[in-house]
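>>> Below is the sequence, then the predicted model.
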4 protein chains.
Amino acid sequence: MEKNRLEAFSDGVLAIIITIMVLEMKVPHGDDWATLRQLLPVFLSYVLSFLYVGIYWNNHHHMLHAVKHVSGGVLWANLHLLFWLSLFPFVTGWMGENHFSATPTALYGVVLLMAALSYWILAHTLVAGEGRDSLLAKALGKDLKGNMSVLIYAVAIALAFVNQWLAQACYLAVALMWLVPDRRIEKVLAERQKNQA
Amino acid sequence: MEKNRLEAFSDGVLAIIITIMVLEMKVPHGDDWATLRQLLPVFLSYVLSFLYVGIYWNNHHHMLHAVKHVSGGVLWANLHLLFWLSLFPFVTGWMGENHFSATPTALYGVVLLMAALSYWILAHTLVAGEGRDSLLAKALGKDLKGNMSVLIYAVAIALAFVNQWLAQACYLAVALMWLVPDRRIEKVLAERQKNQA
Amino acid sequence: MEKNRLEAFSDGVLAIIITIMVLEMKVPHGDDWATLRQLLPVFLSYVLSFLYVGIYWNNHHHMLHAVKHVSGGVLWANLHLLFWLSLFPFVTGWMGENHFSATPTALYGVVLLMAALSYWILAHTLVAGEGRDSLLAKALGKDLKGNMSVLIYAVAIALAFVNQWLAQACYLAVALMWLVPDRRIEKVLAERQKNQA
Amino acid sequence: MEKNRLEAFSDGVLAIIITIMVLEMKVPHGDDWATLRQLLPVFLSYVLSFLYVGIYWNNHHHMLHAVKHVSGGVLWANLHLLFWLSLFPFVTGWMGENHFSATPTALYGVVLLMAALSYWILAHTLVAGEGRDSLLAKALGKDLKGNMSVLIYAVAIALAFVNQWLAQACYLAVALMWLVPDRRIEKVLAERQKNQA
């Protein structure tokens, strides 16, 4: 039951984050396509962030599915992740309004990086509770994708000051890499069910 | 349990969308009926969108009720639907503030069209997982209503530039057509229960 | 399960309504008590509306607790109630910003009246589904409190144009009358448990 | 089941409060670090309030975990707590925008104090329902931490007018004191399980 309420609260926060981001796309004065076209950068930054929050929800969903116990430490590691994700509406709006200029692009990367690190902390707090031989530990494995993401974010933050479009390409590449849901956990779950049968 | 969390997240997002739309109806300066009357177009566009989000929640609710398994593909098809629905507050506000002028009316239709297409994708992803002989496949059947809606939205988008009130009449007609909840699924569910008895 | 999702969606919408109302209390410029005092009417209207949404959540909670089946008609009757409740942030903000002047006070009463009527419709749709001898039908009984509320709201709307403070007194009186949770349902539930034992 | 819906509603409200607070951090004009630095006080006040709402969620979660029955009085005591917590976005925004000046710092303390008192009322309403020998009564014990918090808030409110940074230090100290989740309840729960085994 403990786990259910953690999931419910996280779902609530993620649902709100993903939805209030759209409020940064302010209803413009003027009713023609030209007016609308000026909102294109804000819209594109919204799409990117929607993808990212969707990815986090998806992976969070899969990871907790494989978890049995939730300790006090997990509650705080989870809140820590939600804190960084809660900054998405702000950095998304700032990046969109400034047409992906250098500093907002770099700050967006910083929030992505911190969210990835806090996800890593949450995963390891969960593994510590479940044990090294647990389903979750096996499912997470070496976490190549997670480590690569952190590396790419760090490179992208530096790149933002050289050419911000290279940084944006990095953010998009990582998002596409994660768009495929985390098969590792599904695979291990399926194997276990086969072994039990 | 997987399904429960998908439903909970979707409920959260839909609940937020339906509620923050009202924030586009800004509290006006002035305290008389004349001031209030100026808000009438914004209010009417809110009512129309409330109807639509209500319809989506209702049908989503019914469709998932008939589903047993939820795959990774379903999670993304569902997020794709939520993305288009999340644009409702923006297009509703834009249409209301511009008193249903041509371009905002057309854009509203585009979002309705994309939401309908993404609902279609979600339905077919679910059927692919459940099997062609499943309860859901039978319940959805030929989906005449869904196909007609898409057609009417497409016509309405074009009509918006001829006379926007014709387009609005189309949107309202489709909403009223859907107001009746999807009896197909209730019928098939009822039949199955009879057969089992 | 159907009922659970209806409750979850309603809880979500009510939780958002009760929370976004506070956004109408805009952070003021200036940092002294005088600045804050200007916000007093907005704060008081927030307190009144918080009470009302709390009462609706409480009674909704109790009513659905006694319900077994949820039909398509119930889903729409429930959405209809949520529609009127979703107008609370707007009318609360309008009334607060205009220091409880006549027209906003009357409009507030109109929304209260419509919410009460839609609650009545929901209750009767539920009773129609449960049967006249059902637990719910007995628990609702003659619904004296509900009928009185509707009457007082109607009187208050007219009074608003004579003296708005009389109208406000009516709104407050009804809220205090409902603050006591609906014991009728608790009583009938308790009796049934006694009979079963 | 009653308890579940109380938890779900509270989770919803807390999730919204914690997320809309970030909306007070308005996207600034200008895209450089200097612009961003001006937002630092707003950001810091957001971090402090995020911590506090997280603590309340955590403790609320633990307290209700040990509860079996939920009465009408509990529903209102819970709403009373949510009311004070719903003022967090306002006082956080006011404090941040005024760079932690005296009056907003004091008002922040008043809301902290009222939230702590309403939590105390909720805890005692729950204990009254569960009985003095209940798991919850033992788990809460003498509630030293809770009493100390109330005392420190009261001192901090007065200190705000001497030196607001002393008040802020108090708020931070109490937050850090609570960051450790309430082990009392976990301990008593663990003991009971041991005794049952």
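That came in fine, so what should we check first? Numbering: from 1, shown residues only, chains lettered A, B, ... in the order given.

>>> my guess is residue A:78 contacts residue A:123, does it?
No - Residue A:78 is not in contact with residue A:123 according to C-beta atoms under 8 Å; the separation is 10.9 Å. For glycine as for every other residue, the C-beta is placed from the backbone atoms N, C-alpha and C.

>>> Is the longest helix anywhere in chain A in proximity to chain D?
Counting by DSSP state H, the longest helix found in chain A is helix A:102-130. Yes - contact between helix A:102-130 and chain D, assessed by C-beta under 8 Å from any C-beta of the partner chain, occurs at A:102-104, A:107.

>>> neighbour count winner among residue A:78 and residue A:123?
More neighbours surround residue A:78 than the other of residue A:78 and residue A:123, with 25 against 20 (other C-beta atoms under 10 Å in any protein chain shown).

>>> Might you report the residue contacts of that one?
A:6, A:10, A:122 (C-beta atoms under 8 Å, 6 or more residues apart in numbering or on different chains).

>>> how close does it get to residue D:177?
21 Å (C-beta to C-beta, to the nearest Å).

>>> Kindly report the same for residue A:89.
In terms of C-beta to C-beta, residue A:89 sits 30 Å off from residue D:177.

>>> okay, those two: which has more neighbours?
Using other C-beta under 10 Å, the more surrounded residue of residue A:89 and residue D:177 is residue A:89, with 27 against 13.

>>> hang on, the earlier thing: by neighbour count, which of the contacts of residue A:78 wins?
Neighbour-wise, the contacts of residue A:78 (other C-beta under 10 Å) top out at residue A:10, 24 neighbours.

>>> Look up the pLDDT of that residue for me, please.
pLDDT, residue A:10: 93.

>>> Packing partners of the helix or strand harbouring it?
Element membership of residue A:10, judged by DSSP states H and E, is helix A:2-20. The contact analysis (3 or more C-beta pairs under 8 Å, 6 or more residues apart in numbering or on different chains; DSSP states H and E) places helix A:2-20 against helix A:40-65, helix A:72-86, helix A:88-97, helix B:2-20, helix B:72-86, helix D:2-20, helix D:40-65.

>>> what angle separates that helix from helix D:2-20?
40 degrees (axes from the mean of the first three to the mean of the last three C-alpha atoms, to 10 degrees).

>>> which of the residues in the very next helix or strand once past helix A:2-20 are buried?
Downstream of helix A:2-20, the next assigned helix or strand under DSSP H and E is helix A:33-37. Residues residue A:36 are the ones in helix A:33-37 that count as buried (16 or more other C-beta atoms under 10 Å in any protein chain shown).

>>> residues from chain A in reach of chain D?
A:1-2, A:5, A:8-9, A:12-13, A:15-17, A:20, A:23-24, A:72, A:75-76, A:79, A:82-83, A:86-87, A:89-90, A:93-94, A:97-98, A:101-104, A:107.

>>> so what's the most centrally placed residue in chain A closest to, chain neighbours aside?
Geometric centre of chain A, nearest residue: residue A:56, 3.7 Å, by C-alpha atoms, centre = their mean. Spatial nearest neighbour of residue A:56, excluding adjacent residues (C-beta to C-beta, 6 or more residues apart in numbering or on different chains): residue A:85 at 6.2 Å.

>>> Next, the contact list for the one you found, please.
A:13-14, A:17, A:53, A:56, A:115.

>>> With pLDDT added, can I get those in CSV?
As requested, the contacts of residue A:85 are exported to CSV (pLDDT from 0 to 100):
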residue, pLDDT
A:13, 95
A:14, 95
A:17, 95
A:53, 96
A:56, 94
A:115, 97
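
>>> from those residues, which single one is nearest residue B:156?
The closest of those to residue B:156 turns out to be residue A:53 (C-beta to C-beta; 31.3 Å).

>>> How many neighbouring residues does the spatially closest residue to the closest one that is not a sequence neighbour have?
Using C-beta to C-beta, 6+ apart and skipping the chain neighbours, the partner closest in space to residue A:53 is residue A:18 (4.5 Å). Neighbourhood size, residue A:18 [other C-beta under 10 Å]: 28.

>>> And residue A:140, by the same measure?
21.

>>> Was I right to think it contacts residue A:127?
Yes - at 6.6 Å, residue A:140 counts as touching residue A:127 under the criterion of C-beta under 8 Å.

>>> pLDDT below threshold where in chain A?
For chain A, the stretches with pLDDT under 70 are A:1, A:180-186, A:188-189, A:193, A:196-197.

>>> who in it is up against chain B?
So chain A meets chain B at A:7-8, A:11-12, A:14-16, A:18-20, A:22-23, A:25, A:27-28, A:31-33, A:36, A:47, A:50, A:54, A:57-58, A:61, A:65, A:179-181, A:183, A:186 (C-beta under 8 Å from any C-beta).

>>> ok, back up a step: tell me what the next helix or strand after the longest helix of chain A is packed against?
Using DSSP H and E, the next helix or strand after helix A:102-130 towards the C-terminus is helix A:135-140. Helix A:135-140 sits against helix A:102-130, helix A:183-196, with contacts defined as 3+ C-beta pairs under 8 Å, 6+ apart.

>>> CA atoms only: put helix A:135-140 into PDB for me.
Provided in PDB are the C-alpha atoms of helix A:135-140 (Å, rounded to 0.1, in the frame of the first residue of the first chain):
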ATOM      1  CA  LEU A 135      14.700  -8.400  -9.800                       C
ATOM      2  CA  LEU A 136      15.300  -4.700 -10.000                       C
ATOM      3  CA  ALA A 137      19.100  -4.900  -9.600                       C
ATOM      4  CA  LYS A 138      19.200  -7.300 -12.600                       C
ATOM      5  CA  ALA A 139      16.800  -5.300 -14.600                       C
ATOM      6  CA  LEU A 140      18.800  -2.100 -14.200                       C
END
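
>>> Could you tell me how far it lies from the centre of the chain?
20 Å (C-alpha atoms, centre = their mean, to the nearest Å).

>>> how about the next helix-or-strand element following it: buried residues?
Tracing the chain C-terminally past helix A:135-140 and defining elements by DSSP H and E, one meets helix A:144-159 next. With burial defined by 16+ other C-beta under 10 Å, the residues of helix A:144-159 counted as buried are A:146, A:149-150, A:152-154, A:156-157, A:159.

>>> Show me what helix A:144-159 is packed up against.
helix A:102-130, helix A:164-179.

>>> Check the residues of chain A next to chain B for burial and list the buried ones.
A:7-8, A:11-12, A:14-16, A:18-20, A:22-23, A:25, A:27-28, A:31, A:36, A:50, A:54, A:57-58, A:61, A:65, A:181, A:186.

>>> Mean neighbour count, the helices and strands packed on helix A:144-159: which tops it?
helix A:102-130 (a mean of 20; mean count of other C-beta atoms under 10 Å in any protein chain shown).
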